[in-house]
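**Q** Take a look and give me a structure for this.
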Amino acid sequence: MKEVKKMNKIPALTSLFGTPLAFLFGAWNPLMAALLVFNLLDVITGIAKGIYNRDLVSKSMKQGMISKAMQWISIIVVNMIDLAMFDGLPLCKSALLLYLMAMEGLSIVENIGQCGVK
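**A** Predicted coordinates for the structure are as follows:
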């Protein structure tokens, strides 16, 4: 009987956290997945750059993480704009995601270049 109670908690917790996240971010799309990958690659190449240049500073890492968090908060904002103005059609969200991906891509290329790759 205890096993059944534990199993019932999983869907409850999933819906408790998943529903608000789905509302805030809107439908998950390939651009969001690509931005997440770009974020991870930027962090990895940033750490590699710091190690390569012997200049690994936690303050820079903290600023980068805050910047990444603000990117995802801005996605929430434009999703709300899309809901209010365009019936949920992800016009603003797609434009912002493409812009953020371009910025992250440039940062990745810059980090790789500063590691001596030409």
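**Q** Now do the buried residues in the lengthiest helix in the chain.
**A** Ordering each helix of the chain by length in residues (DSSP state H) puts helix 58-85 first. Neighbour counts over helix 58-85 (16 or more other Cβ atoms under 10 Å) mark 64, 68, 71, 75, 78-79, 82-83 as buried. C-betas here are computed from N, CA, C, even on glycine.
**Q** Just name the closest of these to residue 95, please.
**A** residue 78 (7.8 Å; Cβ to Cβ).
**Q** What lies in contact with stretch 96-103?
**A** With Cβ atoms under 8 Å, 6 or more residues apart in numbering as the test, stretch 96-103 has contacts from 29, 31-32, 34-35, 38, 71, 74-75, 78.
**Q** Dump those residues to JSON lines, plus pLDDT and distance to residue 99.
**A** Below are the contacts of stretch 96-103 laid out as JSON lines (pLDDT from 0 to 100; distance: Cβ to Cβ, whole Å):
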{"residue": "29", "pLDDT": "94", "distance to residue 99": "15"}
{"residue": "31", "pLDDT": "97", "distance to residue 99": "11"}
{"residue": "32", "pLDDT": "97", "distance to residue 99": "13"}
{"residue": "34", "pLDDT": "98", "distance to residue 99": "13"}
{"residue": "35", "pLDDT": "98", "distance to residue 99": "10"}
{"residue": "38", "pLDDT": "98", "distance to residue 99": "12"}
{"residue": "71", "pLDDT": "98", "distance to residue 99": "10"}
{"residue": "74", "pLDDT": "98", "distance to residue 99": "10"}
{"residue": "75", "pLDDT": "98", "distance to residue 99": "11"}
{"residue": "78", "pLDDT": "97", "distance to residue 99": "10"}
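**Q** from those, which two are the most distant?
**A** Greatest spacing in these, by Cβ to Cβ: 38 and 78 (17.2 Å).
**Q** thinking again about what came up before, wait, which of the buried residues of helix 58-85 is closest to residue 24?
**A** Nearest to residue 24 among the buried residues of helix 58-85 is residue 79, at 6.8 Å by Cβ to Cβ.
**Q** The closest one: what's it in contact with?
**A** Neighbouring residues of residue 79 by Cβ under 8 Å, 6+ apart: 24-26, 90, 92-93.
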